[in-house]
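Peer 1: From the sequence below, what's the structure:
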Amino acid sequence: MRTRKVTIKDIATEAGVSIALVSFVMNNKADGKETYRVNKETAQRILEVAEKLNYQPNNAARTLRSGKTNTIGVIVSDISNKFFADIARCIEDRAYKHKYTVLFGSTDENPQKLENLMEVFRNNGLIIVPCEGADEIIRNVALQNIPVVLLDREVPDTELSSVVLNNRRAGVETTQALIRQGFTRIEMISYSMNLSNIREREEGYRFCMTE
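Peer 2: Prediction:
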């Protein structure tokens, strides 16, 4: 036999308070607020009744009312790549602490896949690892009212926030480490891709070898 879903009306009846008061207390609890503009004992009684009745809030309805999804879409090149897998784990752990859910997708360095994933995740905040050929797609997103942070790679001519390594410095320091070991014929094997991180590593290598 299917059990009927508990509503705030059920909580109000059990606690002997108004539906509006229950709604106010439960919404404040969901938003992580510690204080309520109601009597503390009353608020505590409402929360205890909600727990006893196993009340499950309708998150979809809350999202429609508030316009906030509390969801982040994370789009990387390949989630199975250890570099991105480790970063994804950290993002998920930090997001959970702030009551956010994370959705993941991989582009496989395909701009069409990136565009499709961005369309699916467009109602959420986005963390994106740009892929080659996707600069214009990301520039278009930058013009919309969508919170976006670029990861590992940058896109020229955008004002989007980004979290990246100092790849040029990494190229220099890696080459210098080999020079200190006495090597003089040092070659860099890289990808034939016009991505900011690869381009900057090559710049660092070339600068160091020229010096």
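Peer 1: Correct me if wrong: residue 102 contacts residue 72.
Peer 2: Yes. Applying Cβ atoms under 8 Å, one finds residue 102 in contact with residue 72, separated by 5.1 Å. Where you see a C-beta, it was placed from the backbone N, CA and C, and this is true even at glycine.
Peer 1: Comparing the two, which shows the higher neighbour count?
Peer 2: residue 72 (22 against 18; other Cβ atoms under 10 Å).
Peer 1: In three-state terms, label that one for me.
Peer 2: Secondary structure for residue 72, judged by DSSP: H, G, I helix; E, B strand; the rest coil, is strand.
Peer 1: How many residues are close by residue 90?
Peer 2: Going by other Cβ under 10 Å, the residues that sit close to residue 90 add up to 9.
Peer 1: Report the set of residues contacting both of residue 102 and residue 72.
Peer 2: Contact criterion Cβ atoms under 8 Å, 6 or more residues apart in numbering; residues shared by residue 102 and residue 72: 91, 95.
Peer 1: Roughly how far does the residue nearest to residue 52 when sequence neighbours are not counted sit from residue 6?
Peer 2: Among residues not flanking residue 52 along the chain, residue 14 sits closest, at 7.8 Å (Cβ to Cβ, 6 or more residues apart in numbering). In this structure, residue 14 and residue 6 are 10 Å apart, going by Cβ to Cβ, to the nearest Å.
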